[in-house]
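Peer 1: Sequence isn't available, so here's the structure alone:
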Ligand code: UDP
Ligand code: MG
């Protein structure tokens, strides 16, 4: 079994050597063929220098450097595309994820799963990160049906083929299991040892949670209607049209009936009724939704030949740049 460890790095110079040592030890002890891929997400400290040194001294280490900070999801995506192993492991560069857990990930995968996510049951993070995270995990599990205790955990293991299908952008890295599950891959979790951060500082604060909720909406939309956005947007549009159309019919009938002397009603003027405003609004909204739906369809069609949303400035250990130009799949 060849194992690719993809490690996003943003200003983690003090942790990298120790992380490399721990990974190499685990691989040696268990006879794994391991490929370590550092993806430097525009670090401003000495991280890249350390990564280059490691890549120079160890043939199993490769490093990719972004021109600037593109975010963890982009870094992981670059690593996934470069990975050559049968299994892809992701772990944070800050030593919070313990490489000693790797054999347990592989065992769990062997039980018939395609994705195994870590669950930091005992967390070494402040409460203002843990509490929102609990709420977030509950919401994601309920809304998507992928029941994991810890969607945010950076320590995960995948079968490599998954990444031929699942592309990452924005901050959707925490939803890879959800996106994979939406395509039928089997997802599970194991409890992992979580260590306190020793060096550097966390890149995410309390506000990550708000972005997380917006991303959840996106993921729900993508997994539900990603390939046919018009089915949702056009559906809403048609509902508005039905409402507006019904209003028109009622208004017309009302106008006619109010002019039949035998009924003794007051003749109405349609433009003076409140209802006409609802009718007009509904018809306009209906048109809007249908048009936006068509645009979304157009974008979806175009995107099936997309390009990677980042730019790699240099690589170490590779004889040529990993291919980031072609992809026929969308999430
Ligand atoms: N990271 C990254 N790009 C970013 C932010 C973070 O590659 O823009 C990396 C970071 O170096 C670390 C991992 O993502 O390896 C997780 O970040 P962090 O430890 O700060 O998150 P936390 O554990 O506090 O949730
Ligand atoms: Mg961390």
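Peer 2: On my side now, so go ahead. No experiment lies behind these values; they were computed from the predicted model shown. Ligands and ions are numbered 1, 2, ... in the order given.
Peer 1: Wait, residue 4 touches residue 39, no?
Peer 2: No: Residue 4 is beyond contact range of residue 39, at 11.5 Å (criterion: Cβ atoms under 8 Å). All C-beta atoms are positioned from the backbone trio N, CA, C, and that covers glycine.
Peer 1: what do the two both touch?
Peer 2: Residues touching both residue 4 and residue 39 (Cβ atoms under 8 Å, 6 or more residues apart in numbering) are residue 79.
Peer 1: between the two, who's got more neighbours?
Peer 2: More crowded of residue 4 and residue 39, by other Cβ atoms under 10 Å: residue 39, with 29 against 24.
Peer 1: Need the three-state assignment for the more buried one.
Peer 2: Three-state call for residue 39 (DSSP: H, G, I helix; E, B strand; the rest coil): strand.
Peer 1: residues contacting it?
Peer 2: 6, 7, 8, 9, 63, 64, 65, 66, 75, 76, 78, 79 are the contacts of residue 39 under Cβ under 8 Å, 6+ apart.
Peer 1: next one: residue 25
Peer 2: residue 99 are the contacts of residue 25 under Cβ under 8 Å, 6+ apart.
Peer 1: And the pLDDT for it?
Peer 2: Looking at residue 25, its pLDDT stands at 97.
Peer 1: quick one: the helices in the stretch 101-250 of the chain?
Peer 2: In the stretch 101-250 of the chain, the helices defined using DSSP state H, counting those that start in this stretch lie at 102-110, 127-144, 176-182, 208-225, 229-257.
Peer 1: In the protein, mark out all the strands, start to finish.
Peer 2: For the chain, strands defined by DSSP state E occupy the ranges 2-9, 33-40, 61-66, 87-90, 115-119, 156-159, 187-191, 312-316.
Peer 1: right, quick check: the last one against ligand 1, any contact?
Peer 2: So that's strand 312-316. No: looking at strand 312-316 against ligand 1 by Cβ under 6 Å from any ligand atom, there are no contacts, and the closest approach is 14.0 Å.
Peer 1: The fourth one now?
Peer 2: No: under the criterion of Cβ under 6 Å from any ligand atom, strand 87-90 makes no contact with ligand 1; the nearest approach is 9.4 Å.
Peer 1: Which neighbouring elements make contact with that strand?
Peer 2: strand 2-9, helix 72-82, helix 102-110, strand 156-159 (3 or more Cβ pairs under 8 Å, 6 or more residues apart in numbering; DSSP states H and E).
Peer 1: Please identify the buried residues of the lowest-mean-pLDDT helix or strand in the chain?
Peer 2: Within the chain, no helix or strand scores below strand 312-316, which has a mean of 76 by mean pLDDT, DSSP states H and E. Neighbour-count burial for strand 312-316 flags 312, 315, 316 (criterion: 16 or more other Cβ atoms under 10 Å).
Peer 1: Then stretch 76-86?
Peer 2: Neighbour count says stretch 76-86 has 76, 77, 78, 79, 80, 81, 82, 83, 85 buried, by 16+ other Cβ under 10 Å.
Peer 1: And for stretch 38-50?
Peer 2: 38, 39, 40, 41, 42, 43, 47, 48, 50.
Peer 1: re the thing from before, contacting ligand 2 as well, which ones from the buried residues of strand 312-316?
Peer 2: Checked against ligand 2 using Cβ under 5 Å from the ion, the buried residues of strand 312-316 yield no neighbours at all.
Peer 1: Give me every residue in the chain lying close to ligand 1.
Peer 2: 8-10, 12, 41, 69, 71-72, 75, 92-94, 96, 154, 202-204.
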